[in-house]
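Enquirer: Any chance you can model this:
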Amino acid sequence: MSITWSDNIPIYRQLRDRVVAMILDGILKQGDALPSVRQVAADFQINPLTVSKAYQELVDEQLVEKRRGLGMYVSDGAQAALLTSEREQFLQQEWPPLYARLKRMGIDLKTLLSHAEKNGESA
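Expert: Now for the predicted structure:
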């Protein structure tokens with residue numbers, strides 16, 4: 001498995017975001033074990049401390065729990081909590097400039113939905 005890291009964002013943050021996306025997409029479900037720090041470090045050829053830092057952020061956010069001697073597991077309710085926080089972040093930070101741009105270009109909701117349906121995207 002290969003991944004291209006962005007130079008603009010710390011790798012630990014990109015790794016954290018990747019795990020968050022996997023939880024949101026249902027690839028990782030509550031109770032699922034995360035790959036070990038050593039395994040992730042070897043797979044992506046990154047420093048184990050980088051992986052540990054990403055995992056620690058997930059623990060701090062209560063999305064993942066440490067089980068002594070067993071590893072890291074997705075917490076109960078992690079997906080629901082993420083959906084709530086990600087939706088709020090989108091509506092507060094990403095939507096306003098996107099809406100302003102759509103308005104400047106004269107694109108309304110009907111046009112967006114029509115385009116999505118025409119291109120086989122689900123609304």
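Enquirer: how far out from the middle of the chain is the lowest-mean-pLDDT helix or strand in the chain?
Expert: Across the helices and strands of the chain, the lowest-confidence element by mean pLDDT, DSSP states H and E is helix 109-118, at a mean of 89. Relative to the centre of its chain, helix 109-118 is centred 26 Å away, using C-alpha atoms, centre = their mean, to the nearest Å.
Enquirer: next one: stretch 93-103 to chain centre, how far?
Expert: With C-alpha atoms, centre = their mean, you get 21 Å for stretch 93-103.
Enquirer: ugh, typo on my part, it should be stretch 26-45
Expert: For stretch 26-45, the distance to the chain centre is 14 Å (C-alpha atoms, centre = their mean).
Enquirer: what's the model's confidence in it, averaged?
Expert: Stretch 26-45 carries an average pLDDT of 95.
Enquirer: Quote the end-to-end distance of it.
Expert: 25 Å (C-alpha to C-alpha, to the nearest Å).
Enquirer: And for it, what's in contact with it?
Expert: For stretch 26-45, the external contacting residues (C-beta atoms under 8 Å, 6 or more residues apart in numbering) are 1, 3, 15, 19, 22-23, 46-48, 50-52, 55, 64, 70-79. Just so you know, the C-beta spots here come from the backbone N, C-alpha and C atoms, and that holds for glycine as well.
Enquirer: how near is residue 25 to residue 7?
Expert: Residue 25 is 25 Å from residue 7, where distance means C-beta to C-beta, to the nearest Å.
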